[in-house]
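Trainee: Turn this into a structure:
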Amino acid sequence: MPKGYSSTQIALHWVIAVLIVLQFLFNDPMGEAFESALEGELPPFSWAVWAHIAGGIAILALALWRVALRRSRGAPPPPEGEHSLTGRIATLSHWALYALILLLPVGGLVAWFGGVELAGEGHEVLSNVLLFVVAVHVAAALWHQFWLKDHLLRRMMRAER
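Mentor: You can find the predicted model right below:
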C-alpha cells in the first residue's frame, strides 16, 4: 500500500475537479441545445455546448485513467486513528465519486449523440447527485484539515511513495 498518492494521481484529481466546475458553468447552454434537439430543431452552434461535450469526454478519459491507476497502485491508508465507520463512509463516497464521474459523461454522450431523452434526464439528476457528493467530499477534507488537523489535504497536494 503506498504511503501517499502519486503525482499523476494528484494531477488527475485536480484536473478532473476543475473540469467538473467548468461543466457546471456550461450546463445551461447545453440544456437549451439539448431541448432544441429533442424538439427537432437544429441547435445553433455554440462554443459553450462544444466545450461541455469536450469537457465530458475529457473527464471520462481522465477518470478511466484515474481508476486504472487506483487499481494498479492503490491508495494510501486512512489517517491514523480514523474510526472504522468514518473510513467506510470515506470509501463509499470515493467510489460514489468514481461512479458518477464515469456515468455522467456516458449518459451525456448517449443523450446528445443518441438523442435519448431518458439519458438526458438521468444525466441531469446525476449531476445534482454529483454536486452533493462533491460538497460532502470537500466538507470532509476541510473537516480533516482544520478540525482534526491530521493533514489529510497534504496527500492531494504533495506526492509520496
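
Trainee: Please state the offset of stretch 90-106 from the chain centre?
Mentor: Stretch 90-106 has its C-alpha centroid displaced from the chain centroid by 7 Å (C-alpha atoms, centre = their mean, to the nearest Å).

Trainee: Name the residues of it that are buried.
Mentor: Using 16 or more other C-beta atoms under 10 Å as the test for burial, stretch 90-106 gives 90, 96-97, 99-105. The C-beta positions use only the backbone N, C-alpha and C, and glycine is treated the same way.

Trainee: May I see the residues you listed organised as a markdown table, with pLDDT, secondary structure and distance to residue 149 added?
Mentor: A markdown table is the format used below for the buried residues of stretch 90-106 (pLDDT from 0 to 100; DSSP: H, G, I helix; E, B strand; the rest coil; distance: C-beta to C-beta, whole Å):
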| residue | pLDDT | secondary structure | distance to residue 149 |
| --- | --- | --- | --- |
| 90 | 89 | helix | 17 |
| 96 | 97 | helix | 26 |
| 97 | 97 | helix | 24 |
| 99 | 97 | helix | 31 |
| 100 | 98 | helix | 29 |
| 101 | 97 | helix | 29 |
| 102 | 98 | helix | 33 |
| 103 | 98 | helix | 35 |
| 104 | 98 | helix | 34 |
| 105 | 98 | helix | 36 |
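
Trainee: nearest to residue 135, of the residues you listed?
Mentor: Nearest to residue 135 out of the buried residues of stretch 90-106 is residue 97 (C-beta to C-beta; 11.5 Å).

Trainee: Just confirm the closest one contacts residue 137, I think it does.
Mentor: Yes: contact criterion C-beta atoms under 8 Å: residue 97 and residue 137 qualify, at 6.4 Å.

Trainee: quick one: contacts for the residue nearest the centre of the chain?
Mentor: Closest residue to the average C-alpha location of the chain: residue 101 at 4.0 Å, with C-alpha atoms, centre = their mean. By C-beta atoms under 8 Å, 6 or more residues apart in numbering, the contact set of residue 101 is 16, 20, 59-60, 63, 130.

Trainee: what do you get for residue 66?
Mentor: Per C-beta under 8 Å, 6+ apart, neighbours of residue 66: 9, 12-13, 16, 98.

Trainee: With residue 27 instead?
Mentor: Counted by C-beta under 8 Å, 6+ apart, residue 27 has contacts 52, 127.

Trainee: how near is it to residue 120?
Mentor: Distance, residue 27 to residue 120, using C-beta to C-beta, to the nearest Å: 12 Å.

Trainee: before we move on, what about residue 157?
Mentor: Counting by C-beta to C-beta - residue 157 and residue 120 are separated by 37 Å.
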